[in-house]
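Colleague: missing the sequence, but the structure's below:
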Ligand SMILES: Cc1cc2nc3c(=O)[nH]c(=O)nc-3n(C[C@H](O)[C@H](O)[C@H](O)COP(=O)(O)OP(=O)(O)OC[C@H]3O[C@@H](n4cnc5c(N)ncnc54)[C@H](O)[C@@H]3O)c2cc1C
Ligand code: FES
């Protein structure tokens, strides 16, 4: 692995650029490099591992049992990658991926806008794999913007990378396997949790069991049950929560919840919210890949073929950014995407590609068993996706309330893009990451149409903000100099 | 309804940008039955994604009368469309960066005054720095047009559409005009879904207007372009008017919410059959450098989004506006060459007069479509000499 | 809000926040170092002036925006803490004027 520490150290072009150094990106890179592909892996974080294996080679955590064996499995992936001939650019933000121009017409290669330590540059690559992973689903409740309210994933990241555990009155709330995993990890690390407020709708039990008999044969079952038992034994789990509210003036000091029509309050300094994860689609959306609405996972995901190739030629999407399937699947998906790319780059033939993919597909099929149970069981309730309280902020960046969104739908804004023009919702620095799904679902709800019909924001590059000075300092091409003259 | 299920109207408008929608509204105000046909959705292209500049400043003399008329409408836009369209009237300032540029502006001012136009005012360095304190010290002066300002493009286009519809115009999104045929004294317009018949047709098809003209046997030299824009995150308020430069390509506008829109004519590549534009970051970098030179305070601003719209440009950079040269009852309204947003309200009003009465007192002769054929003829006869 | 586990023994890294001297550990991001130092508010909003602090810790929410060594708009949860960093609360719209120390 060749680490790129300064913007000048990039080559001008690569065969394959991989965005994201989580399991999907790492596995894809290691395999592609082994087939003679010239690869660069670009990632915002300072060390490889992505979210699940975050800081796995640099964490200060020494007691293995706190983070659990699933976490430490990442070491192997990272070591394989470190031993490979791939280039690796940590602390590097990818702010644009698009087909580049050759003079005044569209070229074949992709142009990739990157920033590293305050300097920007445009790279070229023949193929791109997006392995940008997932983010936690927006959780728009009253008060969710108060300091002291964070996501469960955030606390997990603080634990993994800095050995930080919550102190003081701590409450967890929401649903999803990750919520229970984080609860277990925090307990092991010595945090004292006042309560876990479970918002999983009671009806989900039945629909999950009837929808997915396959779960009994799933690898998730035993693990999941053990986790549930551990958490239930060691802390106060309050189920059947139907409403949540974070309260406080300048910062959180109380969480209020409703259960069976009764309101209860708990003093609290830190509230960790979580209701599942959804694919990160900002880049694939901005590139113009087609996306579908997934009615079970309640999110948009890019359309991909058997090689995880998107609808834009030359762009593959692997790991959770292609639809939530978990860390182990992410690695297998990354390898399959890498075989597809190596084939398109003419490093391997179709025979070898298909042969090598077969065991990976078998692995994916095994991992997929029971996934549906999790998806159905942890499907978050509408009350926590479509806020009914008028004052709840939907767009955190531009501080747009649920009331404004609803009124704007009444005024005739029939999609998220119109919503932007009228309310600035989604136009702040997070570029819709924390309001996009909520807005789609609120419009869906008000207009009684499908989310697929309502659609999502049309995102524009840069997908992450870049400073004007960085753009101004982009190395000049001869063409652009001419353009100024004319 | 007449014929084989064809819908009839007094006028069929092709194109749902601000021009098509404004003409639809004004034709309804004159009592005409209107059908508007848009291949994507209203405001999807240039009208919905442009920089929102509402300026009379620095226009070609040929389009000034139309622009002045339009400005009057902008100042009472809410009365017309029941929405303020986000219009603000902070003026627009053209900045000269050198004495040589200032000299050119002085000459233009004499020409304008001679023709009776008074909307532009020459300003010295002191007034320039009063209006735009953040502009670099070295700029010697400029021109201001005080009635100018800016509006929100998508919102404005939607407002025209809504009002036109409220008054009874029929607006068809997602329908593409495939063919136009003469049927008796009317025009039959065939879309991918239906047939419409009317004695009058307005071609307001933006970057696709040459295709409509070609269907009528009237080719025009239209170039499809993709002007690029960038917008920043919120900045402290530091500038009121819209600023454009005389020499370099730059237009610059800070909104009330603090975000700053940077435009000015650098172009990406349009793929008009796919509705796609490709940004040219190397050229955006040139814009960014110009901004950093003229407004040093902008260097740390964050660029949040960049985009381009698909627009029609004519070789002489003024629009095609008025009756067709070949087809009775057909009118053209396109080729606004990246500065047609401001003209929308006024052009629609004049167009409705043309369609309803056959004439207008507005001087639009210089905008007629025949100018290209005449030029071609003139050129080829020169060649023969 | 957070405390550091005893095994987190990375080298200490001094920095300042709004002028106050603080110490983080090697491997901390700016946001993690602030949380460990008991800071839960690192910016105020341009629209309402409301206080905000890190929410996602993974680059998604932008509520960890701070000014670092004069450069506004830095995502604290993605920037590794470096010795001597001068970190400041980002108030409202970022100050456009280059602050002291900025280049
Ligand atoms: C907060 C959180 C905590 C989680 N914790 C667990 C857990 O403990 N156990 C578990 O089983 N699953 C967990 N998951 C689910 C798990 O993250 C995924 O299943 C798995 O990581 C998917 O792997 P991936 O390679 O697809 O994505 P990731 O591991 O997320 O890797 C994607 C990488 O891409 C980078 N990236 C994205 N966009 C850009 C850009 N524009 N420029 C540069 N880099 C970019 C990101 O920084 C990231 O490093 C968690 C998810 C989240 C969101
Ligand atoms: S805490 Fe969310 S972006 Fe940093």
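Modeller: Received the coordinates, thanks. It should be emphasised that the depicted structure is a prediction, and the values quoted were computed from it without experimental measurement. Residues are numbered from 1 along each chain as shown, chains lettered A, B, ... in the order given. Ligands and ions are numbered 1, 2, ... in the order given.
Colleague: For residue A:269, see how far away the residue nearest to residue A:87 when sequence neighbours are not counted is.
Modeller: Once flanking residues are discounted, residue A:87 sits nearest to residue A:40: 4.2 Å by CB to CB, 6 or more residues apart in numbering or on different chains. For glycine as for every other residue, the C-beta is placed from the backbone atoms N, C-alpha and C. Noted for residue A:40: a distance of 43 Å to residue A:269, by CB to CB, to the nearest Å.
Colleague: now swap in residue A:64 and tell me
Modeller: 29 Å.
Colleague: now residue B:291
Modeller: Distance, residue B:291 to residue A:269, using CB to CB: 44 Å.
Colleague: Looking at these two, which has the bigger crowd around it?
Modeller: residue B:291 (25 against 19; other CB atoms under 10 Å in any protein chain shown).
Colleague: Contacts only, for the more buried one.
Modeller: Residues near residue B:291 by CB atoms under 8 Å, 6 or more residues apart in numbering or on different chains: A:468, A:472, B:250, B:252, B:262, B:298.
Colleague: and which of those is nearest to chain C?
Modeller: Closest to chain C out of those is residue B:298 (7.0 Å), distances taken as CB to the nearest CB.
Colleague: Next, count neighbours for that closest one.
Modeller: For residue B:298, using other CB under 10 Å, the count is 25.
Colleague: same deal with residue A:456?
Modeller: 22.
Colleague: ok, it to ligand 2 distance?
Modeller: Counting by CB to the nearest ligand atom, to the nearest Å, the gap from residue A:456 to ligand 2 is 20 Å.
Colleague: Look up phi and psi at residue A:57.
Modeller: Backbone geometry at residue A:57, expressed as degrees, to the nearest 10, gives phi -100, psi 0.
Colleague: where are the low-confidence patches of the stretch 151-300 of chain A?
Modeller: Scanning the stretch 151-300 of chain A for pLDDT under 70 picks out the ranges A:211-219.
Colleague: Which residues of chain A lie near chain B?
Modeller: Within chain A, the positions adjacent to chain B are A:96, A:98-99, A:101, A:104-106, A:111, A:113, A:122, A:288, A:412, A:418, A:421-422, A:424, A:427-429, A:431, A:460-462, A:465-469, A:471-474, A:476-477, A:479-480, A:483-484 by CB under 8 Å from any CB of the partner chain.
Colleague: quick one on the thing from earlier: mind listing what's buried in the one helix or strand the residue nearest to residue A:87 maps to?
Modeller: Element membership of residue A:40, judged by DSSP states H and E, is strand A:39-42. Residues A:39, A:40, A:41, A:42 are the ones in strand A:39-42 that count as buried (16 or more other CB atoms under 10 Å in any protein chain shown).
Colleague: and what of stretch B:21-32?
Modeller: By neighbour count on 16+ other CB under 10 Å, the buried set for stretch B:21-32 is B:21, B:22, B:23, B:24, B:25, B:26, B:27, B:28, B:29, B:32.
Colleague: returning to what we had before: how about the strand holding residue A:40, does it reach ligand 1?
Modeller: Yes: part of strand A:39-42 sits near ligand 1 under the criterion CB under 6 Å from any ligand atom, namely residue A:42.
Colleague: Let me know the closest of the buried residues of stretch B:21-32 to residue B:279.
Modeller: residue B:21 (27.3 Å; CB to CB).
Colleague: How about the secondary structure of that closest one?
Modeller: Assigned by DSSP: H, G, I helix; E, B strand; the rest coil, the conformation of residue B:21 is helix.
Colleague: any idea how far the spatially closest residue to it that is not a sequence neighbour is from residue B:170?
Modeller: Excluding its sequence neighbours, the residue lying closest to residue B:21 (CB to CB, 6+ apart) is residue B:160, at 3.7 Å. For residue B:160, the distance to residue B:170 equals 15 Å [CB to CB].
Colleague: Which of the buried residues of stretch B:21-32 sits closest to chain C?
Modeller: Nearest to chain C out of these is residue B:21 (CB to the nearest CB; 31.3 Å).
Colleague: circling back: so between residue B:160 and residue B:170, which is more surrounded?
Modeller: Neighbour comparison, residue B:160 and residue B:170: the larger count goes to residue B:160, with 32 against 16 (by other CB under 10 Å).
Colleague: Would you tell me what helix or strand the residue nearest to residue B:21 is located in?
Modeller: Going by DSSP H and E, residue B:160 is in helix B:153-166.
Colleague: cool, residue A:408 as well?
Modeller: Residue A:408 is located in helix A:402-410, with elements delineated by DSSP H and E.
Colleague: Does anything pack onto that helix? Which helices or strands?
Modeller: strand A:393-395, helix A:416-423, helix A:436-447 (3 or more CB pairs under 8 Å, 6 or more residues apart in numbering or on different chains; DSSP states H and E).
Colleague: Quick one: closest of these to residue B:52.
Modeller: For residue B:52, the closest of the helices and strands packed on helix A:402-410 is helix A:416-423, at 10.7 Å, according to CB to CB.
Colleague: ok, the closest one near chain C or not?
Modeller: No: under the criterion of CB under 8 Å from any CB, chain C is not reached by helix A:416-423; the shortest gap measures 11.8 Å.
Colleague: number of nearby residues for the residue found closest to residue C:92 once you drop the neighbours it is linked to in the chain?
Modeller: Counting by CB to CB, 6+ apart, the nearest residue to residue C:92 once its immediate chain neighbours are dropped is residue C:46, at 4.7 Å. Using other CB under 10 Å, residue C:46 is surrounded by 22 other residues.
Colleague: Now for residue C:46: which residues touch it?
Modeller: B:234, B:257, B:258, C:92, C:93.
Colleague: Ok, residue C:65 next?
Modeller: Residues near residue C:65 by CB under 8 Å, 6+ apart: A:429, C:42, C:43, C:72, C:73, C:74, C:75, C:76, C:90, C:94.
Colleague: I'd like to know the beta-bridge partner residues of it.
Modeller: Counting by DSSP bridges, residue C:65 is bridged to residue C:75.
Colleague: and residue B:40, how far is that from residue B:207?
Modeller: With distances taken as CB to CB, residue B:40 is found 12 Å from residue B:207.
Colleague: repeat for residue A:185
Modeller: Look at residue A:185 and residue B:207: by CB to CB, they are 56 Å apart.
Colleague: other SSEs contacting the helix or strand harbouring residue A:180?
Modeller: Element membership for residue A:180, per DSSP H and E: helix A:177-188. Helix A:177-188 is packed against helix A:64-67, helix A:152-162, strand A:170-175, strand A:193-198, helix A:219-234, strand A:270-275, with contacts defined by 3+ CB pairs under 8 Å, 6+ apart.
Colleague: which other helices and strands contact the first one?
Modeller: It refers to helix A:64-67. Contact here means 3+ CB pairs under 8 Å, 6+ apart; on that basis helix A:64-67 packs against helix A:152-162, helix A:177-188.
Colleague: Now with 7 Å, please.
Modeller: On a contact count with 3 or more CB pairs under 7 Å, 6 or more residues apart in numbering or on different chains; DSSP states H and E, helix A:64-67 meets helix A:177-188.
Colleague: Would you mind listing what in chain B touches chain A?
Modeller: Contact residues (CB under 7 Å from any CB of the partner chain) of chain B with chain A: B:152, B:154-155, B:162, B:232-233, B:257, B:266, B:269, B:271, B:276, B:278-286, B:288-289, B:291-292, B:298-307.
Colleague: Now do the contacts for the residue nearest to residue A:87.
Modeller: Residue A:40 makes contact with A:14, A:17, A:87, A:89, according to CB atoms under 7 Å, 6 or more residues apart in numbering or on different chains.
Colleague: Now render the helices and strands packed on helix A:177-188 as a markdown table, adding mean neighbour count and distance to ligand 2.
Modeller: What follows is these, written out as a markdown table (neighbours: other CB atoms under 10 Å in any protein chain shown; distance: least, CB to the nearest ligand atom, whole Å):
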| stretch | mean neighbour count | distance to ligand 2 |
| --- | --- | --- |
| helix A:64-67 | 16 | 21 |
| helix A:152-162 | 27 | 7 |
| strand A:170-175 | 26 | 17 |
| strand A:193-198 | 21 | 22 |
| helix A:219-234 | 14 | 25 |
| strand A:270-275 | 27 | 13 |
